[in-house]
Each structure stands twice: as C-alpha cells, then as structure tokens.
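Asker: The sequence and its predicted three-dimensional model are supplied below.
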Amino acid sequence: MADQRELSREELDILRQNFAALEEHLGVRYDGLRTEMRHLGEVVLERVAAIEGKLLQAFYGFTQSITERFRSADEAEASLKKRLTVLEERLTELERRLAGIQSPAKPN
C-alpha cells in the first residue's frame, strides 16, 4: 500500500497556491480560446455571406441567359404557329376550290 500521511500546513498552503495559479492560468486560456472562437465564427460568417452573394450573382446571370433562350424559343414557336395557320388556311382554300365549294367571305 501507498504510504499515506497527513500534509503539513505549509504543504497544504503550497498546494492551494498551485491550484489557484492553475485555475487562474486555465481561466485566462479559456477566455483566450473563447475570444478566438468568437473571432473565427465571425470570419466564417463573413466568408459564407460573401460566397452566398457570389452564388446569387452567378445564378442570376444563368437565369437571365435561360430566360432569353426561352423568350427566343417562344417567339420562334409563335412565328411557326402563325405560318402553320396560314398554310392550313391556304390548304383548306385549295381543298374547297377542288371540291367546288364557295369559301366564306373573310372579315376585315
């Protein structure tokens, strides 16, 4: 078994002083770590905000490009529909002529 003896007053005082110094040292270190962590958190938030802004700008540019493509496609489709309608009308008119049917008067 280990030798167990009582500590003298002097040894207890030294032990208390050592614990107090250790506690103070750890408190200072803890406060320093807390400050550093807070700073790192702020840096991370700033960088996330900057990245978010860049992503939004890039996405906006992309959507503008896609919107323009859709607009062009919609205009081309509308033009083709008009041309197809004209062709259908002309074909119908030809079919009527061949069948000997009088075409109705067109409103102006």
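Answerer: Noted; the coordinates are in hand. Residues are numbered from 1 along each chain as shown.

Asker: Going by C-alpha atoms from here, please, whenever you check contacts or count neighbours.
Answerer: Fine.

Asker: Can you read off the pLDDT for residue 17?
Answerer: At residue 17, the pLDDT value in this model is 91.

Asker: residues near it, how many?
Answerer: Counted by other Cα atoms under 10 Å, the residues lying close to residue 17 total 12.

Asker: That one and residue 29, how far apart?
Answerer: Distance, residue 17 to residue 29, using Cα to Cα, to the nearest Å: 18 Å.

Asker: Could you do residue 76 as well?
Answerer: Distance from residue 76 to residue 29, by Cα to Cα: 70 Å.

Asker: How about residue 35?
Answerer: 10 Å.

Asker: same question, residue 94
Answerer: For residue 94 relative to residue 29 (Cα to Cα), the value is 95 Å.

Asker: swap in residue 68?
Answerer: Distance, residue 68 to residue 29, by Cα to Cα: 58 Å.

Asker: Next: residue 96.
Answerer: For residue 96 relative to residue 29 (Cα to Cα), the value is 98 Å.

Asker: can you check residue 67 too?
Answerer: 56 Å.

Asker: quick one: contacts for residue 49?
Answerer: Under the criterion of Cα atoms under 8 Å, 6 or more residues apart in numbering, residue 49 has no neighbours.
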